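Trainee: can you look at this prediction? I've put the sequence above it.
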Amino acid sequence: MTTPSDANRGAGYAGAGSLPPADDSEQVLLARLRRGDDDAFAIVVRDQGRQMLATARRLLGNEEDAREALQEAFVAVFRSIASFAGNARLATWMHRVVVNTALMKLRRRRCRPECALEDLLPRFSEDGHHLEPPCPRSGRPELDLQREENRTIVRNAIDQLPATYREVVLLRDIEELSTGEVSEVLGITANAVKIRLHRARQALRTLLERTFEDRLP
Amino acid sequence: MTCREFAEFLDAFLAGTLPSEQALAFQRHLAICADCIAYLDSYQRTMAACRTLRGEDALPADVPEELVEAILRSRGGRR
Ligand SMILES: [Zn+2]
């Protein structure tokens, strides 16, 4: 079970730094939440919960974990609503809480064997040429990105990445956080985010290429 | 420029953050290296594949009602 302090500490951002301020109607809602108004809590769970559940699904890739993460996120929200400064949009703050909760879940989960990253990076000869030249586009099955089956393939490939690389791809390329936000969430430098993202994409490229080679007749 | 260097700085090249001299070296290498053309192409398709997992702009589906109830119960309010 996750405690709110975990949710705040774990991946480190529930803070509100430079976010746009909440508007008036939100201040009213916030005041009701702080008074412990049951109806206000029901509104927030139904309204904000949609986006939060969608985020948890994207980060965790399965329904059961996503629902648990949402519950844990709301436990954290309920406990810390009194101390929420209100200088950020409620939606932004809650998005951050569910990102943290989902990340911790992702770290605890070890359901799939991870590949070693080195095995997935391109290899070069001593004079710097590709040792395993990538397949040219012609003669390869096309990745039809619209198809659900292919989204599953991409998701599986992401899940095979070592956790530290998987997190960066999920937050940056799928959840669309900025480099600065990812650096804040993960507690690493912006430069480390960029390096990890590039390595992760290179590794994914290899995994996807292997997947589609396997499917050639 | 070698293929190794090309692969190493590929993301900076795509982000347009390379100094112009280096970017030019990239263009020159691309003009002569079929492997790196293929590598660049598959790297970009990998990025496109990741984008398909992003959320759509439309409002996501409702939180299932039993989950809403469970969350509200966990608050231990006055319901
Ligand atoms: Zn090359």
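Mentor: Nice, thanks for sending it over. Numbers count the residues shown, from 1 in each chain, chains lettered A, B, ... in the order given.
Trainee: flag every buried residue along the longest helix along chain A.
Mentor: Identified as the longest helix of chain A according to DSSP state H is helix A:190-214. Buried residues in helix A:190-214, counted by 16 or more other C-beta atoms under 10 Å in any protein chain shown: A:192-194, A:196-209, A:211-212. C-betas here are computed from N, CA, C, even on glycine.
Trainee: near chain B, from the residues you listed?
Mentor: By C-beta under 8 Å from any C-beta of the partner chain, the members of the buried residues of helix A:190-214 lying near chain B are A:194, A:197, A:198, A:201, A:202, A:204, A:205, A:208, A:209.
Trainee: which ones among those residues also lie next to the ion?
Mentor: Among those, none lies close to the ion by the criterion of C-beta under 5 Å from the ion.
Trainee: mind putting the residues you listed in TSV, pLDDT included?
Mentor: TSV is the format used below for these (pLDDT from 0 to 100):
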residue	pLDDT
A:194	96
A:197	97
A:198	97
A:201	97
A:202	97
A:204	96
A:205	95
A:208	92
A:209	90
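Trainee: for residue A:134, state which of these is nearest.
Mentor: Using C-beta to C-beta, residue A:209 comes nearest to residue A:134 of these, at 6.7 Å.
Trainee: so who does that closest one touch?
Mentor: Neighbouring residues of residue A:209 by C-beta atoms under 8 Å, 6 or more residues apart in numbering or on different chains: A:134, A:135, B:42.
Trainee: among those residues, name the ones in strands.
Mentor: Judged by DSSP state E, strands contain none of those.
Trainee: now, of those, which are buried?
Mentor: A:134, B:42.
Trainee: count the residues that sit near the residue in chain A positioned nearest to chain B.
Mentor: Among the residues of chain A, residue A:128 lies nearest to chain B; the distance is 2.7 Å by C-beta to the nearest C-beta. Neighbour count of residue A:128, defined by other C-beta atoms under 10 Å in any protein chain shown: 14.
Trainee: how about it, nearest residue that isn't a chain neighbour?
Mentor: residue B:2 (2.7 Å; C-beta to C-beta, 6 or more residues apart in numbering or on different chains).
Trainee: residues contacting that neighbour?
Mentor: The contact partners of residue B:2, by C-beta under 8 Å, 6+ apart, come to A:124, A:127, A:128, A:129.
Trainee: for the second one, which three-state class applies?
Mentor: With DSSP: H, G, I helix; E, B strand; the rest coil as the basis, residue A:127 sits in coil.
Trainee: count of neighbours near residue A:178?
Mentor: There are 12 residues near residue A:178, going by other C-beta under 10 Å.
Trainee: now do residue A:97
Mentor: 25.
Trainee: so it lies in a helix, does it not?
Mentor: Yes - using three-state DSSP, the assignment for residue A:97 is a helix.
Trainee: so how far is the ion from it?
Mentor: Going from residue A:97 to the ion by C-beta to the ion, to the nearest Å gives 45 Å.
Trainee: which residue ranges of chain B form strands?
Mentor: Under DSSP E, chain B gives no strands.
Trainee: residue in it nearest to chain A?
Mentor: Counting by C-beta to the nearest C-beta, chain B gets nearest chain A through residue B:2, at 2.7 Å.
Trainee: distance of that residue relative to residue A:205?
Mentor: Distance, residue B:2 to residue A:205, by C-beta to C-beta, to the nearest Å: 19 Å.
Trainee: likewise residue A:167?
Mentor: The value you get for residue A:167 to residue A:205, if C-beta to C-beta is used, is 18 Å.
Trainee: need the contact list for residue A:197.
Mentor: Residues in contact with residue A:197 (C-beta under 8 Å, 6+ apart) are A:168, A:169, A:172, A:173, B:11.
Trainee: equivalent analysis for residue B:18, please.
Mentor: B:9, B:12, B:26.
Trainee: with residue A:208 instead?
Mentor: Residue A:208 makes contact with A:143, A:153, A:154, A:157, B:42, B:45, B:46, B:49 under the criterion C-beta under 8 Å, 6+ apart.
Trainee: next, the buried residues of the strand or helix carrying residue A:53.
Mentor: Residue A:53 is part of helix A:38-60, with elements assigned from DSSP states H and E. The neighbour-count check on helix A:38-60 (16+ other C-beta under 10 Å) flags A:40-42, A:44-45, A:47-49, A:51-60 as buried.
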